[in-house]
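# predicted model, plus sequence, below.
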Amino acid sequence: MKNIFFLLTALVVLSAGSCNNQKQEIMNAAISESIRINQVGYYPDGPKRFMVADQVASDFHIVDEKGETFYKGNLENFGTWDPSGEKLFAGDFSDFRKQGEYSIYIPDVGKSHPFSIANDLYEKAATASLRTFYFMRTAMEMEEKYLGKFARPMGHPDDTVYFHPSSGRTEGFVSSPGGWYDAGDYGKYVVNAAIATGTMLSLHEIYPGVFEDGSLNIPESGNNISDLLDEVKYELDWVLTMQDQDGGVFHKLTPLRHDGITMPHETHSKRYIIGKSTGASLDFAAMMAQAARLFDAVDPVFSKKCLAAATIAHEWAMEHPEQYFRNPRGINTGGYGDRILKEEFFWAAAELYCTTGDQRYYEIIQPELGKITFRLEESWRNYMDNIGYYSLLSCGRLNDDDKAKVINALLELADNQMNAAYNNGYDVPFSRFVWGSNSDVLNNAMIQLYAHHVSGEKKYLDAAAAMTDYIFGKNATGYSFVSGYGTKYSKNFHHRLLMADENEETFPGYVAGGPNFYRQDSYNLQNQNVSYPDTLPAKTYIDHEGSYASNEICINWNAPLVFVLGYLDAQFND
Ligand code: 9MR
């Protein structure tokens, strides 16, 4: 009896010792960049997956900072993923739901970056992603009370903008103030303004309360209007100045050549109104018709102005259906030119139909209903009609048959994209990575979220959350692509304003363009003695200021981030 007592005591002491040893081992484990997780974290009721790259591993633990293990699971061999050339193992702890702060620990490999499991996971990131637009405003006083350490002098007033001959005007100048800078450059482009505002207004149409008044701390906060509408209106007010008297819309407002790396108030290049195009006019018509509908409740005078502008822009485009934009000789700023305007014609008519119910717009959209697709690359060229379909699903004008057609097509598309994602490395729905690839991921997540919106099926919400994991670190680069969120995040953006600023920190909430196989900036990087760390498609990314092809920021990339985080937050955060 006595012997048994000694034996038991010894066993307890031994196992407590080995338990303590293991806790110690876990606490001491180094961070392994091979464990690719969403560095912000996961929703308690959402999917929780991660990848391990180029390591031999079989099991994992979910641990806290004291080394305590809460969950154990096995890793599944995923095989080699060609776009990154990595041998991947996949882990899944979706059934672990306890809120808290954790890491993944893999024996002999190490620990992941820390992450949370929380219902309010994206609350702050959603707000930050929308606040980046405030930071992009061209002309307002950027005061400390709104921007803290990022306060800066006012940018371009754009009160004297010259007509370039390509605009159809030969002399004079115009005042065209306000609006956001497009990206790392100081241009303002109607086409990209449209896709960015259209995306964010779509969120407002289904969740008007997500960015309620006061949620952003911008100068308009406190005016009883949603801060999302306020921020978008800043852009719309500028875009309205881009309409010519005949209804047609000028294509862009930029200098002749991109400015050097200087602060906006220190640039002295003359700015021009350049081109007039069918594409810009249709996109203008779409965004203004959408705005007319959504501002009606809060600012009926503005709403009427938008609708009148939309109507005549559309008429102009119908009369000039092939006035394509190309950069005139001597101009090197962004092109945003498109020769296939099917999507733009659809989007403009869809918004005008939603807002007015007028049959002449219905006749344009009717043959296209049920043809919703996703085309990779250049959302400003290829994703316009998607916004039109989303509006048709939300605005309540379609009859039952037409609505069923759009819903069936949307669900089929969402299912296909979801399958593509789940059969691919890192749950990303494609294997081609081009300029702005992160926005392709986010626009795909948006498709899933609309599928969820119309069907209520949780699988779509989960697919969107899994795609969002890619953005926050579960990817082949190991970066969270959103500044300020995660541990290892993108921060050295190609962004004149931040590059020229003395402030060393990066404004939070921007999403980087992301991996881009074509590396159009290689020459520029070479001149700075820098090269991409890897050239496989899913890894062609570098967090360097010179990399405009993989590390710029842009309004049409941040807009779907706002949509996705706003929607997820509305769903999961109570
Ligand atoms: O996002 C645009 C991308 O699809 C194009 O391939 C690329 C080259 O034409 O241009 C990108 O847009 C840039 C725009 O022309 C000017 N402002 C910065 C934009 C983001 O890089």
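Perfect, I can see it now. Residues are numbered from 1 along each chain as shown.
# please make it C-alpha for all contacts and neighbour counts, starting now.
Noted.
# quick check: the residue lying closest to residue 44 once chain neighbours are set aside vs the ligand, distance?
Spatial nearest neighbour of residue 44, excluding adjacent residues (CA to CA, 6 or more residues apart in numbering): residue 97 at 4.4 Å. Look at residue 97 and the ligand: by CA to the nearest ligand atom, to the nearest Å, they are 38 Å apart.
# residue contacts, residue 97?
43, 44, 45, 117 (CA atoms under 8 Å, 6 or more residues apart in numbering).
# ok, now with 10 Å
When contacts are counted by CA atoms under 10 Å, 6 or more residues apart in numbering, residue 97 touches 42, 43, 44, 45, 46, 47, 48, 117, 118.
# okay, these in TSV with secondary structure and pLDDT next?
Converted to TSV, the contacts of residue 97 look like this (DSSP: H, G, I helix; E, B strand; the rest coil; pLDDT from 0 to 100):
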residue	secondary structure	pLDDT
42	strand	98
43	coil	98
44	coil	98
45	coil	98
46	coil	98
47	coil	98
48	coil	98
117	strand	98
118	coil	98
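# show me which of these neighbour the ligand.
Applying CA under 6 Å from any ligand atom, the subset of these adjacent to the ligand is empty.
# up against the ligand, what does the stretch 151-300 of the chain have?
Going by CA under 6 Å from any ligand atom, the residues of the stretch 151-300 of the chain near the ligand are 182, 183, 184, 185.
# skip the chain neighbours and tell me the closest residue to the last one.
Going back to what we said before, that points to residue 185. residue 496 (6.3 Å).
# then the third one?
Excluding its sequence neighbours, the residue lying closest to residue 184 (CA to CA, 6+ apart) is residue 495, at 3.6 Å.
# doesn't residue 47 make contact with residue 465?
Yes - when contacts are counted by CA atoms under 10 Å, residue 465 is listed as touching residue 47 (7.2 Å).
# what do the two both touch?
With CA under 10 Å, 6+ apart, residue 465 and residue 47 have common neighbours residue 459.
# near the ligand, which residues of the stretch 301-450 of the chain are found?
Counting by CA under 6 Å from any ligand atom, the stretch 301-450 of the chain comes close to the ligand at 334, 335, 336, 378, 435, 436.
# of these, which belong to strands?
Of those, none are assigned to strands by DSSP state E.
# how far does the helix or strand residue 228 falls within sit from its chain's centre?
For residue 228, the element it lies in under DSSP states H and E is helix 227-240. Remark: helix 227-240 is offset 18 Å from the chain centroid, using CA atoms, centre = their mean, to the nearest Å.
# so for it, what gets flagged as buried?
The neighbour-count check on helix 227-240 (16 or more other CA atoms under 10 Å) flags 227-240 as buried.
# what's the answer for stretch 454-472, then?
459-472.
# just send those residues back as a markdown table, with distance to the ligand and pLDDT too.
Formatted as a markdown table, those follow (distance: CA to the nearest ligand atom, whole Å; pLDDT from 0 to 100):
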| residue | distance to the ligand | pLDDT |
| --- | --- | --- |
| 459 | 30 | 98 |
| 460 | 27 | 98 |
| 461 | 27 | 98 |
| 462 | 28 | 98 |
| 463 | 25 | 98 |
| 464 | 22 | 98 |
| 465 | 24 | 98 |
| 466 | 24 | 98 |
| 467 | 20 | 98 |
| 468 | 20 | 98 |
| 469 | 22 | 98 |
| 470 | 20 | 98 |
| 471 | 17 | 98 |
| 472 | 20 | 98 |
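# in a markdown table, list the residues you listed along with secondary structure.
Below are these laid out as a markdown table (DSSP: H, G, I helix; E, B strand; the rest coil):
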| residue | secondary structure |
| --- | --- |
| 459 | helix |
| 460 | helix |
| 461 | helix |
| 462 | helix |
| 463 | helix |
| 464 | helix |
| 465 | helix |
| 466 | helix |
| 467 | helix |
| 468 | helix |
| 469 | helix |
| 470 | helix |
| 471 | helix |
| 472 | coil |
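# mind checking how far the residue in the stretch 451-574 of the chain that the ligand sits nearest to is from residue 127?
The nearest approach of the stretch 451-574 of the chain to the ligand comes at residue 554, 5.5 Å away (CA to the nearest ligand atom). Shown here: residue 554 relative to residue 127, a distance of 17 Å by CA to CA, to the nearest Å.
# more crowded one of the two?
Legend: neighbour count by other CA atoms under 10 Å for residue 554 and residue 127, higher for residue 554 (25 against 21).
# for the ligand, give me its nearest residue in this structure.
residue 334 (3.1 Å).
# quick check: that residue touching residue 274?
No - with contact defined as CA under 10 Å, residue 334 does not count as touching residue 274 (11.1 Å).
# so what sits against both of these two?
What both residue 334 and residue 274 touch, as defined by CA under 10 Å, 6+ apart, is the set 189, 252, 254, 327.
# going by neighbour count, which of these are buried?
Buried among the shared contacts of residue 334 and residue 274 (16+ other CA under 10 Å): 189, 252, 254.
# nearest to residue 294 among the residues of the stretch 151-300 of the chain next to the ligand?
Closest approach between these and residue 294, by CA to CA: residue 182, at 23.3 Å.
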